[in-house]
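Trainee: turn this into a model:
(one chain, ligands or ions: 2)
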Amino acid sequence: MAPQETQQDLTPKKLQSTYLNNLMNRLITRNPGEEEFHQAALEVLESLEAVIDRHPEFVNMGIIESLVEPERLIKFRVPWISDCGRVFVNRGYRVQFNGAIGPYKGGLRFHPSVNESIVKFLGFEQIFKNSLTGLPLGGGKGGADFDPKGKSEAEIMRFCQSFMTELSRHIGEDTDIPAGDIGVGVREVGYMFGQYKRLNNRFTGVITGKGLDYGGSLVRTQATGYGVCYFVEQMLAAGGRSLAGTTVVVSGSGNVAIYAAKKAQELGATVVALSDSGGYIYDKDGIDLDLIRQIKEVQRARISDYLNHRSSATYTENPHGIWTIPADIAIPCATQNELDAVAAAELVQNGCICVAEGANMPCTPSAIKIFQENGVLFAPGKAANAGGVATSGLEMSQNSLRYSWEYEKVDRKLKVIMQDIYQSASAAAKEYDAEGDLILGANIAGFMKVANAMLAQGAV
Ligand code: NDP
Ligand code: 2IT
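Mentor: Ligands and ions are numbered 1, 2, ... in the order given. Reported below is the predicted structural model:
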């Protein structure tokens, strides 16, 4: 993380428009100390400078002020009983940020770092990401400051049940549909779904990322990581290139990282490094992903265990060092602000041509600036990692139909959605005289649909 660097980047006078500058200052005053939320909001407001010149109606109708203020933020106590009989108390959250184009939709994160700033930055990003998918999904996010590491299966189950006991009052298949994120996978989704069903006596598609036996969609597990690679293929194809024959570094070794690495390998790349919060592994011959899945998904162990099976690999403590490994393509898939300016400079120096954010906001503003100044193709998370929520949207459709589509059909739809996101972000960038700037393009394309829906529905 680079908190100092991030703080410097947040100088509000960066914004040229007095209106947006005042709005950003007010946002900082009204949400003190919420650095991640400030960072996410500033990036979008920067992209909207050109939009408000062409669309004064958005200013007159207070659309942007409404957009940065969550419709609702729910904060609640989550008591749970450990195996030794002691009661622990965590804090749970759900931010229902914007419901202009559909029911609130977004994941739940269980990690000790979760706080209001984290759920608000994630919920804010989700508004634009969900809009970009072309599906009728509003933006939301939630989670708890619970640390699943080292907890028994029974403790995880009791925590999920307690969390859902409160959350269940606020969600529903037409209101707000959570899913997974860091620390929440199919196991946790299953326990939460079971508790919701028990409390409401209704079998509905209230949460996505479910197991395949009880309403989950094929491809949802793989969707975020696969989607990132489908997006990267689009970016590279525009310059006549592809993933085939490239060297790729992927950070993280969770759901997004594993399936981004898998698809990159399938498309002919060599993935040489992965990490977890303890450190990173380097395997010049290419990472054995079946082994990684066994270690991280089945055993829930540390990535350093890889060395017990692959003596040719190396392990280095401190995950941030992963960006010193030479790579054509970097795909950060762990967490926010994991790739800073120093790492970006190193990647550029080593010849990196493309960076795609699998995680939400993994690159600091200074890192992004370095990529842009050096002509590195850059895909922001709200575009590149939208395949996960898009496939959640497809899971909702299947649940409503009480039907399941075959793997190829869902995968085909995912691919088309990722191509469409690339096209609409590229087209918006071009329309606003910033060809190739996918940050600006994704922010504007995502914003326009939500802003027009808000205008049409009046000041609500
Ligand atoms: P997982 O919990 O499956 O995996 C997270 C991975 O990131 C783990 O390897 C974890 O290491 C590492 N990590 C987490 N926190 C930190 C940290 N503070 N420092 C270093 N490493 C860390 O989560 P996901 O793969 O689902 O999510 C990863 C990212 O992708 C997040 O930013 C999430 O918001 C985003 N995302 C997820 C989607 C999804 O469908 N799941 C969709 C779109 C975006 P360790 O095992 O040591 O904790
Ligand atoms: O950040 C994200 O888009 C997710 N964690 C997935 C959300 C979802 O509803 O599938």
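Trainee: where is the longest helix in the protein?
Mentor: Ranked by residue count and defined by DSSP state H, the top helix of the chain is helix 407-431.
Trainee: buried sites along the following helix or strand past that one?
Mentor: The helix or strand immediately downstream of helix 407-431 is helix 438-456, counting by DSSP states H and E. Burial within helix 438-456, assessed by neighbour count using 16 or more other CB atoms under 10 Å, is assigned to 438-455. For the C-beta atoms, the positions are set from N, CA and C on the backbone; glycine is no exception.
Trainee: and Asn374, how many residues sit next to it?
Mentor: 14 (other CB atoms under 10 Å).
Trainee: and stretch 269-278 with ligand 1, contact?
Mentor: Yes: using CB under 6 Å from any ligand atom, stretch 269-278 comes into contact with ligand 1 via 276-278.
Trainee: ok, stretch 318-334 next?
Mentor: Yes: using CB under 6 Å from any ligand atom, stretch 318-334 reaches ligand 1 at 319, 333-334.
Trainee: measure the spatially most central residue of the chain to Ile421 for me?
Mentor: By CA atoms, centre = their mean, the mean C-alpha position of the chain lies nearest to Asn360, the distance being 3.7 Å. For Asn360, the distance to Ile421 (CB to CB, to the nearest Å) stands at 15 Å.
Trainee: same thing with Tyr196?
Mentor: Relative to Ile421, and taking CB to CB, Tyr196 is found at 30 Å.
Trainee: and these two? which has more neighbours close in?
Mentor: Under the criterion of other CB under 10 Å, the comparison of Tyr196 against Ile421 puts Ile421 first, with 30 against 22.
Trainee: just checking, that one touches Ser131?
Mentor: No: with contact defined as CB atoms under 8 Å, Ile421 does not reach Ser131; the gap is 10.0 Å.
Trainee: what's the longest helix of the chain in contact with?
Mentor: Helix 407-431 has contacts (CB atoms under 8 Å, 6 or more residues apart in numbering) with 132-135, 217-219, 223, 226-227, 230-231, 234-235, 238, 383, 386-387, 390-391, 394, 435-438, 440-442, 444-445, 448.
Trainee: next, find the distance separating the residue nearest to the centre of the chain from Pro32.
Mentor: As judged by CB to CB, Asn360 and Pro32 stand 22 Å apart.
Trainee: which residue does this protein have closest to ligand 1?
Mentor: Proximity of the chain to ligand 1 (CB to the nearest ligand atom) peaks at Gly254, 1.7 Å away.
Trainee: tell me the contacts of that residue?
Mentor: Residues in contact with Gly254 (CB under 8 Å, 6+ apart) are 182, 276, 296, 333-334.
Trainee: which of those residues ranks first by neighbour count?
Mentor: With neighbours taken as other CB under 10 Å, the top of the contacts of Gly254 is Cys333, carrying 29 neighbours.
Trainee: quick check, pLDDT for the nearest residue to Met164 once chain neighbours are set aside.
Mentor: Closest residue in space to Met164, ignoring its immediate chain neighbours: Gln195 at 4.0 Å, by CB to CB, 6 or more residues apart in numbering. We have a pLDDT of 98 for Gln195.
Trainee: confirm Gly177 sits in a strand?
Mentor: Careful, residue 177 is Ile and not Gly. Yes: using DSSP: H, G, I helix; E, B strand; the rest coil, the assignment for Ile177 is a strand.
Trainee: nearest spatial neighbour of it, skipping sequence neighbours?
Mentor: Excluding the flanking residues, the one nearest Ile177 by CB to CB, 6+ apart is Lys105, at 5.2 Å.
Trainee: beta partners of that neighbour?
Mentor: Gly139, Ile177 (DSSP bridges).
Trainee: tell me how far it lies from Val389.
Mentor: 6 Å.
Trainee: how about Met361?
Mentor: 15 Å.
Trainee: can you map out the strands along the stretch 101-250 of the chain?
Mentor: Counting by DSSP state E, counting those that start in this stretch, the stretch 101-250 of the chain has strands at residues 104-110, 138-144, 176-179, 247-251.
Trainee: now the first one: buried residues?
Mentor: Pointing back at strand 104-110 there. If you call a residue buried by 16+ other CB under 10 Å, then strand 104-110 has these buried ones: 104-110.
Trainee: again, but for the third one
Mentor: Taking 16+ other CB under 10 Å as the neighbour-count basis, strand 176-179 is seen to contain the buried residues 176-179.
Trainee: tabulate these (TSV), appending pLDDT and distance to Met157.
Mentor: Listed next are the buried residues of strand 176-179 as TSV, based on pLDDT from 0 to 100; distance: CB to CB, whole Å:
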residue	pLDDT	distance to Met157
Asp176	98	23
Ile177	98	22
Pro178	98	17
Ala179	98	19
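Trainee: show me which of those neighbour ligand 1.
Mentor: Among the buried residues of strand 176-179, not one lies near ligand 1 by CB under 6 Å from any ligand atom.
Trainee: circling back: neighbours of the spatially closest residue to the residue nearest to the centre of the chain that is not a sequence neighbour, how many?
Mentor: Nearest residue to Asn360 in three dimensions, chain neighbours excluded: Gly381, at 4.9 Å (CB to CB, 6+ apart). When neighbours are counted by other CB under 10 Å, Gly381 registers 25.
Trainee: doesn't Met361 make contact with Gly381?
Mentor: Yes: here Gly381 reaches Met361: they are 6.1 Å apart, a contact under CB under 8 Å.
Trainee: next, show the common contact partners of the two.
Mentor: Counting by CB under 8 Å, 6+ apart, the common neighbours of Gly381 and Met361 are Glu125.
Trainee: from the contacts of Gly254, which shows the smallest pLDDT?
Mentor: Lys296 (94).
Trainee: what sits closest to that residue if chain neighbours are left out?
Mentor: Using CB to CB, 6+ apart, the closest residue to Lys296 is Ser253 (4.9 Å).
Trainee: which SS state does the one you found fall under?
Mentor: Per three-state DSSP, the local secondary structure of Ser253 is coil.
Trainee: host element of Gly75?
Mentor: Rather than Gly, residue 75 is Lys. Going by DSSP H and E, Lys75 is part of strand 72-81.
Trainee: residues of the chain that sit close to ligand 2?
Mentor: Residues of the chain lying near ligand 2 by CB under 6 Å from any ligand atom: 105-107, 129, 179, 181, 208, 360, 388-389, 392.
Trainee: check those and tell me the two furthest apart.
Mentor: Thr208 and Asn360 (17.0 Å; CB to CB).
Trainee: Gly183 touches Ile156, doesn't it?
Mentor: No: if you go by CB under 8 Å, Gly183 and Ile156 don't touch, sitting 9.7 Å apart.
Trainee: nearest residue to the single nearest residue of the stretch 351-460 of the chain relative to ligand 2 in space, please, no chain neighbours.
Mentor: Nearest residue of the stretch 351-460 of the chain to ligand 2, counting by CB to the nearest ligand atom: Ser392, 3.3 Å away. Nearest residue to Ser392 in three dimensions, chain neighbours excluded: Thr208, at 3.8 Å (CB to CB, 6+ apart).
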